[in-house]
Structure formats: structure tokens, C-alpha cells
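Q: Any chance you can model this:
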Amino acid sequence: MSDTTNAMRSPRLLVDALGLPARNSMAWRLATVVAASLLLTLSAKIEVPFYPVPLSLQTFAVLGLGFVLGPRLAGSAVLLYLVEGAAGLPVFAGTPEKGIGLAYLMGPTGGYLVGFLFAAVICGLLAEKGWGRNIVSTLAGMVIGNIVIYALGLFWLGTLLGWDKPILDWGLYPFLAGDALKIALATALLPAAWKLAAHR
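A: Presented below is the predicted three-dimensional model:
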């Protein structure tokens, strides 16, 4: 068998490598999208004590879904999550205490939430190209995903509150240490998951 044939038959995404039954059916895809949106909600509600701010698992979940599910399923899951939040469901971090619905989306964290969608799709596209199977590509992909989230989040934060404010002090610096830890965790877990899938 030629190398080209082997490459065509090798799974492009981790979800395919796991060999789950009926993974190509519409019902399975719909269930996966819904389940992934629920995972995003759960990740938004979990805070781990950390310095200088509590550690949220949400960016880890968003980027991880991109690498595992690919751009379509991961993007659909994040989009569903945003629609749920816009409809008034308390799925975002700090809801309902800090507001719900479109008012929350238009608030200071709205840019980061929109950034989740773009980052999940981009990481999914990278995964389809073979990223996420080794330490170097996983590290690079996670950094790219975080940059996308920060870029959109900081742009919206500055636009909303004014660029004369300490935007980086509010929306970037406090989260760098926690994101570095999450990147390190993903860098260890994703390649390991690929190795386990290869031995199934």
C-alpha cells in the first residue's frame, strides 16, 4: 500500500482516531455539539484558586475542543454556547450574578467570548493539518489560540472602556500565568491522547 493511501486513511482528528461508533451520523454529531456546549458551561463555572486571579478552565476547554473535534464540530459547539448565553441561559462565567443574555455579551468580556469561536475554529483547522500530535505543534497551536482570544478580547475591552484605560493590566497580564499553565497541560495531554488512540 502506498504512503499516499496510508495518509488518506489515517485519521485527521483525535475524535476520529478514537474509533467511536456512529461518529459520522447526524445524531452523533448533534449530541457531540450539545455535550461540548455543556462542557463549556461547566468549564466557565469552575474556578481553581491561583495567583494573581482564580484559574478558569474555559480557554483550555475551548482550544481543546478545537484540537479534538475539529473546526466544524468545535465551532458549532462554541456557537451553540454563545447562542445559549445570548438567549439568557446562565452559561457564562459569573452568570446570573453579573447579568445574562445580550447585555452580558456586550459587556467587557464579550470580545473574549467571540474570540472563543474563532480560536476553536482555528485550532480545529490546525488539528486537521496534523497539529496537536506532538509537543511542538501543540504548544504552538495553543499559543495561537490564546493570541486570537486575547486579541479580540482586548480590542473589545479597549473599544468599550477607552484606550486611555490600563487595558492590558485589566485584560491580559493577570491571566498570563494561568494560561501558561493550561498550555503546558494541553501540551502534555494531547500528544499522549494521540499515542493512546494509536494503540487502540
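Q: Wait, Arg29 touches Leu73, no?
A: Yes. Counting by C-beta atoms under 8 Å, Leu73 is a contact partner of Arg29 at 6.4 Å. Where you see a C-beta, it was placed from the backbone N, CA and C, and this is true even at glycine.
Q: okay, those two: which has more neighbours?
A: Leu73 (23 against 16; other C-beta atoms under 10 Å).
Q: for the closest residue to Pro174 other than its chain neighbours, helix, strand, or coil?
A: Residue nearest to Pro174 in three dimensions, not counting chain neighbours: Val53, with 4.6 Å by C-beta to C-beta, 6 or more residues apart in numbering. Here Val53 is recorded as coil under DSSP: H, G, I helix; E, B strand; the rest coil.
Q: okay, now Val53: neighbour count?
A: Neighbour number of Val53 under other C-beta under 10 Å is 13.
Q: before we move on, what about Gly162?
A: Count around Gly162 with other C-beta under 10 Å applied: 9.
Q: Tell me how far it lies from Ile147.
A: Using C-beta to C-beta, to the nearest Å, Gly162 is found at 23 Å from Ile147.
Q: Select the longest helix from the chain.
A: If you go by DSSP state H, the chain has its longest helix at helix 58-86.
Q: nearest spatial neighbour of the one residue sitting closest to the centre of the chain, skipping sequence neighbours?
A: With distances taken as C-alpha atoms, centre = their mean, the residue of the chain nearest its centroid is Val62 (1.3 Å). Using C-beta to C-beta, 6+ apart and skipping the chain neighbours, the partner closest in space to Val62 is Phe116 (4.6 Å).
Q: quick one: contacts for the one you found?
A: 40, 58-59, 62, 78, 81-82, 149 (C-beta atoms under 8 Å, 6 or more residues apart in numbering).
Q: Can you give me the pLDDT of the residue nearest to Pro174?
A: pLDDT recorded at Val53 is 85.
Q: and if you look at Ser137?
A: 96.
Q: Would you enumerate the residues in contact with it?
A: Neighbours of Ser137 in contact, by C-beta under 8 Å, 6+ apart: 126, 130-131.
Q: ok, 10 Å please
A: For Ser137, the contacting residues are 67, 126-127, 129-131, 187, 190-191, by C-beta atoms under 10 Å, 6 or more residues apart in numbering.
Q: returning to what we had before: show the secondary-structure elements that the longest helix of the chain is packed against.
A: With contacts defined as 3 or more C-beta pairs under 10 Å, 6 or more residues apart in numbering; DSSP states H and E, helix 58-86 has these neighbours: helix 14-17, helix 26-45, helix 101-105, helix 110-128, helix 135-161, helix 173-198.
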